[in-house]
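S.K.: below is the structure, and that's it, no one-letter string:
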Ligand code: LMR
């Protein structure tokens with residue numbers, strides 16, 4: 001009798017487990033939406049990820065990459081991810097505020113990183129992991145950080161000193177730190193989706209912008225900006241994120257293959273980011289359309305002196321512990 005009950009219970013447990021395991025139609029599709037051109041560090045890394053996933057899973061997973069805001073613009077893509085309309089994104093770290101995770105804006109603090117090595121101490125260490133964990137209550141899982149690069153400022157008039165930006169309308173991403181940064185320059189920040197920037201510059205809705213040169217060049221901003229200064233005043237890079245429910249429900253063997261592909265794509269992204277920005281800088285110069293100014297150390301210092309006070313101003317928003325942890329990791333001195 002006892003044996004029969006035990007057997008029945010075991011059968012019930014197994015059927016419940018089968019019911020609870022979602023059945024994925026094969027191939028499993030991952031829609032990966034992003035806003036930049038294919039020929040950028042993020043665009044290339046997304047293509048690399050697709051290729052490796054399809055090889056490693058022998059076609060059981062198909063990655064559909066939608067570049068250039070083809071599917072969604074900045075704000076919409078976050079909502080689409082949470083709703084499960086797409087499974088994967090790689091938004092700039094400056095775009096997590098609207099999701100309610102303001103801590104990521106630490107990456108926007110002007111001059112906090114003195115180059116990629118500093119940055120990697122954060123993105124490839126415990127602070128990076130702790131930040132990604134903060135996404136989980138939002139139904140989002142962070143898988144990796146992909147580099148882009150350090151930003152330059154552009155406008156239609158020469159930029160050598162902070163005063164050159166006074167009163168200018170400058171496009172920013174949706175980050176309060178970037179808003180404060182532009183206000184510190186006495187400029188007028190305007191938040192716009194990336195897909196709208198070229199036209200806004202062309203029509204004079206904004207006077208200028210900031211971006212790593214790979215984004216500038218691949219959006220042809222050299223056609224609508226006469227001057228660029230290599231200020232390197234801040235970093236722009238990405239968190240690769242997935243819909244958490246989708247990820248958690250994947251068969252374990254598939255998830256491990258995706259983990260391997262993501263690790264390889266991350267190494268690739270971080271290896272090509274600087275090269276790509278350097279190459280695109282040469283292309284902007286060669287276009288003859290945008291005059292590129294390299295600042296002297298003293299000129300850079302003038303930007304730094306005005307922009308570093310933004311750190312204290314934003315401490316309540318970002319969290320002082322997060323800022324201090326980054327300071328410590330990179331050895332930042334005011
Ligand atoms: C921007 O909006 O300027 C960037 O975040 C675009 C990107 O994804 O690099």
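M.R.: Arrived safely. Please read all numbers here as calculations on a predicted model, not as lab measurements.
S.K.: name the nearest residue to the residue of the stretch 101-250 of the chain found nearest the ligand, ignoring sequence neighbours.
M.R.: Distance from the ligand to each residue of the stretch 101-250 of the chain (Cβ to the nearest ligand atom) is smallest for residue 194, at 3.4 Å. Where you see a C-beta, it was placed from the backbone N, CA and C, and this is true even at glycine. Take residue 194 and drop its neighbours on the chain: the residue closest to it by Cβ to Cβ, 6 or more residues apart in numbering is residue 35, 4.5 Å away.
S.K.: that's a helix at the one you found, yeah?
M.R.: No. Counting by DSSP: H, G, I helix; E, B strand; the rest coil, residue 35 is not part of a helix but coil.
S.K.: which residues in the stretch 101-250 of the chain form helices?
M.R.: With DSSP state H, counting those that start in this stretch as the criterion, the stretch 101-250 of the chain has helices at 116-123, 126-133, 176-184, 197-203, 213-218, 244-249.
S.K.: what's the most buried one of those?
M.R.: Highest mean neighbour count among the helices of the stretch 101-250 of the chain (mean count of other Cβ atoms under 10 Å): helix 213-218, with a mean of 26.
S.K.: which neighbouring elements make contact with it?
M.R.: For helix 213-218, the elements it packs on are strand 140-150, strand 152-155, helix 252-287, judged by 3 or more Cβ pairs under 8 Å, 6 or more residues apart in numbering; DSSP states H and E.
S.K.: may I see the ones you listed organised as TSV, with mean neighbour count added?
M.R.: Rendered in TSV, the data for the helices and strands packed on helix 213-218 read as follows (neighbours: other Cβ atoms under 10 Å):
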stretch	mean neighbour count
strand 140-150	23
strand 152-155	26
helix 252-287	17
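S.K.: between those, which one is nearest to the ligand?
M.R.: Minimum separation from the ligand across the helices and strands packed on helix 213-218 (Cβ to the nearest ligand atom) falls at strand 140-150, 5.7 Å.
S.K.: partner strands of that closest one, with direction?
M.R.: Next to strand 140-150 in the sheet, as set by DSSP bridges, lie strand 235-243 (antiparallel).
S.K.: and the strand it pairs with, how far from the chain's centre?
M.R.: On the basis of Cα atoms, centre = their mean, to the nearest Å, strand 235-243 sits 4 Å off its chain's mean C-alpha point.
S.K.: buried residues, it. List them.
M.R.: The neighbour-count check on strand 235-243 (16 or more other Cβ atoms under 10 Å) flags 235, 236, 237, 238, 239, 240, 241, 242, 243 as buried.
S.K.: run the angle between that strand and helix 116-123 for me.
M.R.: In terms of direction (axes from the mean of the first three to the mean of the last three Cα atoms, to 10 degrees), strand 235-243 departs from helix 116-123 by 30 degrees.
S.K.: alongside the ligand, which residues does the stretch 51-200 of the chain contribute?
M.R.: Selection of the stretch 51-200 of the chain residues close to the ligand by Cβ under 6 Å from any ligand atom yields 92, 148, 173, 194.
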